[in-house]
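Asker: My questions are about this predicted structure, shown below with the sequence.
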Amino acid sequence: MIIGLTINGESRRLEAAPTDTLLTVLRDGLGLTGAKRGCNQGVCGACTVLVDGQPMRACLSLAVNCTGRSIVTVEGLAEDGEPNRIQQAFIDTGAVQCGFCTPGMVLSAYALLQENPHPSEADIRVGLSGNLCRCTGYRRIVEAVQAAAEGDRR
Amino acid sequence: MSRLSQVGVSIPKLDAREKVLGEARYIADMAIPGMLHAAMLQSPYPHARIKSYDTTKARALPGVRCVLTGDDVPDSRMGAFIKDENAIAKGKVLYVGEPVAAVAAIDEATARAAAQLIDVEYEELPAVLDPAEALAPGAPILHEDLDKYFKVFAAICGGNLMSETTIAEGDVDSAWDSCDLVVEDEYTTQPQYHLSMEPCGALADIDANGRITLWSANQSVFRVQANVCEALSLPMSRLRCLTPKVGAGFGNKMEPHIQPIVVALAMKARKPVKMVLSREEDFETVRARHPFRIRIKTGAKRDGTFVARAVELLLEGGAFADDSPGVLGYSLLMACGPYRFAHARCHGRVAYTNKMRFGAFRGFGNPQVTLAGETQIDEIASRLRLDRFEIRLKNAMRQGDRWFGGQKVESNGLIECIEAVRKQLAEVRPRAPEPGKRHGRGVALCAHISGLLATGAIVRLLEDGTVVLNTGAVDIGQGSDTVLAQICAESLKLPIEKVAVASPDTDGSPYNWGTTASRVTYTTGRAVVGACAEVERQIKEHAAAILNAGTADIELRDGGMVAVRGANVSLPLSAISARAHWAKGGPIVGAKTLVYEDPTIDPKRAAASGLPFGAIGVFSFCALATEIEVDETTGKIQPLAAWYAVDVGRAVNPRLVEVQMEGGFVQGMGFALSEELVWDGPRLANPSLMDYKAPTALEAPHAISTTIIEALEPDGPFGAKGAGELGIVAVPAAIANAVTDATGLRLHDLPLTPERVLEAKLAAGT
């Protein structure tokens, strides 16, 4: 069936089977491979995207249920091709290792800071607790979100 | 070397930008026009003879392009130490989940549906699921032809005994009599899943001449090439291996996963074929950390001086040898820790069992033996009423001491590491626990070796004076491309922006054994320094000719310039390279290859049998302290803080060293506390992130600090040694020691789950 939705600010109409997940449509249909398939079970968070501003597991979201909604993927965060302040903070604090969890982490951080622009460390850890990272031990990722929040304050 | 500008600086990783933008391509993100998608059928039995296949229904499904079974692959075998593994099950299946057949089709759903339509007729055989039972007389044998398999070392093996190794020094048997205290304990550790965030996958393309190009999630394009060619009897020149970005390894991507199957499918279909494992398949078929059974005995004098140690190991190896002989040998080599023992004997066996292969995992057996050794040292300290730091300082290896087995240790910053951590612990006041909670602190030391085998580097000076560095080392996310670029830039006094790092390619890169054994910074870094020295030599010859001076008077200057020493005038490297390209001598290329050669065993001091490596590498050191909280009601253990002091030689990029410790701690605490692969009979019961509990940002301690001690390695690049595994090795031991500090309980079995803590409390009546 044909569904209409907004992806990274652009209206799109595309073909999706009733069983297709949003992740499949993004990755295979639209070539937006920033969202990663880490478990396909809603645990690891590597496929996190924003649906109407809320962080969602693209692997658990049926594409047809996203009809009419606005989706933001990691590809939609850059501003004029440049990393946004959260992405830049991830670079600057050394929060990126293998990078497979990074898009999901960045989007979870984005959603957290939208809702709570000045989170405590505990708030950040709760906000990122649905995203697994196996490389960093999380310290630098938490610092990146703190730095992005601080940058906003300045 | 007096003034370093590129080495010792925490520049951001070169790949960070593409990763935060979501532009980095991993294997699952790749596609080729006309590409087929593959899926596999897995064995339902732990041990069975394959009598026949019926692929009629699968082949008849619309969209299916080809079906592969064991009948399609030659009876040739691959393996890092013992060549015992076919490309896909052939003749027998050896574990539940083993790939038995595979399908290539126009899309993944069709391939998966078709794979389930393949009928395989099996004759079930008795299975063996325990290493001790596997070694008992009358046990069902997994590899009837083990004697005939090719082995890369003088393996002691037979039946289900995969490998047996002994290392001995001094006279342990008579040493016990001279000890005032002898402590003997048993420990067990569980299988741990690597959980690289990226599941394994591969994509193979084939050209009209039958030459194959293979991309895959890997830690070594050269090991992929060797394994696939061995398993499929292909000349290595027919297979080119490349790498996309790799979503971490930790050991699970060093040796093969599904690459041989994907190549065999592409050859049969004569089309590009891609297969990416689901998380469940990745759990069930790749590899995991070996379960260990450890018996350890240590003897000491009343004043705390260590005298003797004996260690006996039994490892479960799974269905294929993979890296098991290496893990066994290495854990025996590390089983005395960084301490002086006049007498030691370490002996171990690893057995085949009907489970998936156990193999390399960050630490390579060292975390398991370090758990046993370091908790036993705390026990000895407690019985002798000695301070835990004092007993370690008394026995720690000093500069000039040799390692167990006799190898010389050139650089050793261990004592400084211990003092640094002791000072930090003294400065941080323990937090008062909330009611119902107890706090404790634990300390553990370790060493880890970086090195092994062959590596190389090619440095090319381009026409405009910029440089391409090509090493064949796969950056699996830890930042080796960045570190090697820093070493190259420093060697040639170039800004880092002028150094590009080539992606590994078996056609164009010099051999690199792999991104494993904490080795890239040390071994490949040495090759980069050597290749740069050759480039520098050629630059100086050209400069001498242009500037009418002797080569000895020419110097490189910052920013890609070259000049006569003391002169004001300097030439850009572009002028040198232009002369080389267009007039004299030919383009400037520097190359260096090397293989690590210093012997592990000194036969005048020690005896070894069945050891699978002759020369291994250089030593990094670590002291770790951690503070934990134990919930008295639930038994749950929560690490609160960790303090590392690590001697990694020169820290080329200090922040990348620190992140290795931070990530190592959290992966190590998962191993210590919550992560366990559980088998229900022959079947893996928890191949899912729902049922396999790795630490999140909530469980990870909020504070992990790292002090870097730089005991420079004489032949290391700018003095560097390895850092990749060092951070995980001491974690289970430090946590276990902290649990004892908090509760008085001494637990000997990992993981330290709340149930185990409560059971130990009940047993102790506390």
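Answerer: Perfect, I can see it now.

Asker: Can you tell me the element the most centrally placed residue in chain A falls in?
Answerer: Among the residues of chain A, A:Leu107 comes closest to the average C-alpha position under C-alpha atoms, centre = their mean, at 2.9 Å. The secondary structure element spanning A:Leu107 is helix A:102-115 (assigned by DSSP states H and E).

Asker: and that helix, which residues are buried?
Answerer: Neighbour-count burial for helix A:102-115 flags A:102-113 (criterion: 16 or more other C-beta atoms under 10 Å in any protein chain shown). Heads up, the C-betas are built off the backbone N, CA and C, glycines and all.

Asker: What is that helix packed up against?
Answerer: Applying 3 or more C-beta pairs under 8 Å, 6 or more residues apart in numbering or on different chains; DSSP states H and E, one finds that helix A:102-115 contacts strand A:48-51, strand A:54-57, helix A:85-93, helix A:121-127, helix A:139-153, helix B:16-20.

Asker: and the ones you listed, which is most packed in?
Answerer: strand A:48-51 (a mean of 24; mean count of other C-beta atoms under 10 Å in any protein chain shown).

Asker: near chain B at all, that one?
Answerer: No - contact check for strand A:48-51 against chain B, using C-beta under 8 Å from any C-beta of the partner chain: none in range, with a minimum separation of 10.5 Å.

Asker: got a pLDDT number for B:Arg429?
Answerer: Reported pLDDT at B:Arg429 in the predicted model: 89.

Asker: how close does it get to B:Arg388?
Answerer: Distance of B:Arg429 to B:Arg388, computed by C-beta to C-beta, to the nearest Å: 18 Å.

Asker: which residues in the stretch 651-766 of chain B form helices?
Answerer: Ranges of helices within the stretch 651-766 of chain B are B:654-673, B:726-729, B:731-743, B:754-764, based on DSSP state H, counting those that start in this stretch.

Asker: Report the secondary structure element holding B:Leu203.
Answerer: Applying DSSP H and E as the criterion places B:Leu203 in strand B:201-206.

Asker: I'd like to know which elements that strand is packed against.
Answerer: Contact analysis of strand B:201-206 by 3+ C-beta pairs under 8 Å, 6+ apart lists strand B:212-216, helix B:259-269, strand B:273-276 as its packing neighbours.

Asker: what sits up against the second one?
Answerer: Put plainly, it is helix B:259-269. The contact list for helix B:259-269, computed with C-beta atoms under 8 Å, 6 or more residues apart in numbering or on different chains, reads B:36, B:38, B:40, B:65-66, B:68, B:72-73, B:78, B:87-88, B:99, B:102, B:104, B:202-206, B:210, B:212, B:214, B:216, B:218, B:224, B:227-228, B:231-232, B:234, B:239, B:272-275.

Asker: and residue 99, what does it touch?
Answerer: Picked chain A for this. Contact analysis of A:Gly99 by C-beta under 8 Å, 6+ apart lists B:15-16, B:18-20, B:24, B:245, B:247, B:477.

Asker: my question was about chain B
Answerer: Taking C-beta under 8 Å, 6+ apart, we find B:Pro99 in contact with B:40-43, B:88-89, B:258, B:261, B:285.

Asker: Out of those residues, which end up buried?
Answerer: When burial is judged by neighbour count using 16+ other C-beta under 10 Å, the buried members of the contacts of B:Pro99 are B:40-43, B:88-89, B:258, B:261, B:285.

Asker: Just give me the closest of those residues to B:Ala736.
Answerer: Of all the buried ones among the contacts of B:Pro99, the one sitting nearest B:Ala736 is B:Thr285; the distance, using C-beta to C-beta, is 31.4 Å.

Asker: tell me the SS of the residue lying closest to that closest one once chain neighbours are set aside?
Answerer: Spatially, and ignoring its direct neighbours in sequence, B:Thr285 is nearest to B:Gly97 (5.4 Å; C-beta to C-beta, 6 or more residues apart in numbering or on different chains). When states are read from DSSP: H, G, I helix; E, B strand; the rest coil, the local structure at B:Gly97 comes out as coil.

Asker: burial count for B:Gly97?
Answerer: Other residues within reach of B:Gly97 by the criterion other C-beta atoms under 10 Å in any protein chain shown amount to 23.

Asker: related to what we said a few turns ago, of B:Arg429 and B:Arg388, who's got more company?
Answerer: In this view B:Arg429 and B:Arg388 are compared by other C-beta under 10 Å, and B:Arg388 has more residues nearby, 21 against 7.

Asker: was I right about the more buried one contacting B:Asp378?
Answerer: Yes - with the criterion set as C-beta atoms under 8 Å, B:Arg388 and B:Asp378 qualify as a contacting pair; they are 5.9 Å apart.

Asker: any idea of the pLDDT on residue 126?
Answerer: All of this is about chain A. According to the predicted model, the pLDDT of A:Val126 comes to 98.

Asker: Chain B was what I was after
Answerer: Looking at B:Pro126, the pLDDT reads 98.
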